[in-house]
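J.: sequence unknown, structure follows:
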């Protein structure tokens, strides 16, 4: 029987109060004293959506990894963009990154803890890419720790059911459009069943250990540590969570279990990353003043490739409520080899002229979803469209005031292929769950603020709010 939606107010009132002790200072002290470097393998660039003042790499050559391992800071991100790849390619990529990380760790003597950060709505190449990295690192036979809680995006796990918040309701994840993804669809909102589904029942629901909200809120870190010590390896443990304080309790218990030799393969959303890396939250959202280091008189550039309904609603609101210039790209033209190059060049010329004139400009793909019943072919269609958008950006000769990319695959391809980023710094968030990078000196537009907007995050007016926050009339 499918799980029913819940009302978030009723759920909050029915739960035990949060664990009363503030555990974050102790977590931060532990992380600061520990030599272990946390390396976050991010299957699209939106995983940087909870942290600040940490670097993100788009390359994984051994020298670059060695340099990052010996830099200050508790963690760094590697953008793999593996969610845009077919499974076999994603696994080969994971194997290559794991091999290089192992070599870099050997060369520097720095211990490494890897977190596989993926989608909070349960899409991605689990468990395959996690296993590929683990095999390369020599970490076989370890259990998975699965924590898809993501407060900023309204993703909660209650009684082992994973929910997506829509206004005042919590919708079971398997009842949302995300579960119908052509490449990463799933049938179960119960994370025990989801693990069994994704592992081909190599791990059965009865074999999954559950850290419940009762464990976290009524019994605290010691109870969590005891539970984590009992997870069989190979096996899996899922985490229920409704708040960051719940994650603080989880991480405090995890650190205790790790001190006793317990190890895991992590598959989590972005909220866990922030706490495990000991990152103190930014005091607020980024302001126009903090992002004004790019003083171009040109217009700003918005790029939207994500096709999920939430993105469509946000694009509609942006066009309706601002003076932005909309430039729609029919996806059929990007998929037709006979007109693709002409479409790219014409669009690049149109957008360059608009930006030179100081016009904020939106490039967006037509909203018709073109997919295939074969997951690999579906991914290749999406990749071809995203590559086309990156080619358009690369053809633009005017430096925009800032760039915003909407959608995980889109924002990754804009960074690596359109803007040629190899290293960037995460400045913080402009909206909850919407990170901003400062592009490195090697990029096409050094120092530019680059806003990475996940396809599945934000209210309908989210793009309008960002436009209004950063819009400076040309004088």
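T.: Right, received. Where do you want to start? Given the structure is predicted, the values throughout are model-derived calculations rather than measurements.
J.: C-alpha only now, for contacts and for neighbours.
T.: OK.
J.: mean confidence score for the longest strand seen in the chain?
T.: Longest among the strand segments of the chain by residue count, using DSSP state E, is strand 423-431. Strand 423-431 carries an average pLDDT of 96.
J.: just checking, what packs against the helix or strand just after it?
T.: Secondary structure here is assigned by DSSP states H and E; on that basis, the next helix or strand after strand 423-431 toward the C-terminus is strand 434-439. Other elements packing on strand 434-439 under the criterion 3 or more Cα pairs under 8 Å, 6 or more residues apart in numbering; DSSP states H and E are strand 423-431, strand 449-453.
J.: and the angle from strand 434-439 to strand 423-431?
T.: If you take axes from the mean of the first three to the mean of the last three Cα atoms, to 10 degrees, strand 434-439 sits at 150 degrees to strand 423-431.
J.: strand 434-439: which residues count as buried?
T.: Buried residues in strand 434-439, defined by neighbour count with 16 or more other Cα atoms under 10 Å: 434-439.
J.: pick the one among these closest to residue 300.
T.: For residue 300, the nearest member of those is residue 436. The distance, counting by Cα to Cα, is 14.5 Å.
J.: okay, residue 77 and residue 229: tell me how far apart.
T.: When Cα to Cα, to the nearest Å is the yardstick, residue 77 and residue 229 sit 28 Å from each other.
J.: likewise for residue 147?
T.: In this structure, residue 147 and residue 229 are 17 Å apart, going by Cα to Cα.
J.: those two: who's more crowded?
T.: residue 147 (28 against 17; other Cα atoms under 10 Å).
J.: just give the nearest non-adjacent residue to the more buried one, would you?
T.: Excluding its sequence neighbours, the residue lying closest to residue 147 (Cα to Cα, 6 or more residues apart in numbering) is residue 268, at 4.6 Å.
J.: wait, doesn't the one you found sit right on residue 144?
T.: No - counting by Cα atoms under 8 Å, residue 144 is not a contact partner of residue 268; they are 9.9 Å apart.
J.: low-confidence ranges in this structure?
T.: Applying pLDDT under 70 to the chain flags the ranges 1, 292-296, 367-378, 472-475.
J.: and the protein, split by domain according to the record?
T.: Domain ranges of the chain: 6-276, 301-470, per automatic domain parsing.
J.: how about those domains in JSON lines, adding distance to residue 289?
T.: Formatted as JSON lines, the domains of the chain follow (distance: least, Cα to Cα, whole Å):
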{"stretch": "domain 6-276", "distance to residue 289": "17"}
{"stretch": "domain 301-470", "distance to residue 289": "9"}
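J.: which one of these lies nearest to residue 286?
T.: For the domains of the chain, distance to residue 286 was read as Cα to Cα. The smallest value, 4.9 Å, belongs to domain 301-470.
J.: off-centre distance for that closest one?
T.: A distance of 16 Å separates the centroid of the chain from that of domain 301-470, by Cα atoms, centre = their mean, to the nearest Å.
J.: mind checking which of the domains of the chain is nearest residue 283?
T.: Of all the domains of the chain, it is domain 301-470 that lies closest to residue 283, at 9.8 Å by Cα to Cα.
J.: okay, how far is it across that closest one, tip to tip?
T.: From its first residue to its last, domain 301-470 covers 12 Å (Cα to Cα).
J.: next SSE downstream of the helix or strand containing residue 316?
T.: For residue 316, the host element (DSSP H and E) is helix 309-321. For helix 309-321, the succeeding helix or strand toward the C-terminus, using DSSP H and E, is strand 325-329.
J.: residues contacting that following strand, please?
T.: Defining contact as Cα atoms under 8 Å, 6 or more residues apart in numbering, one finds that strand 325-329 is touched by 319, 347, 354, 359-366.
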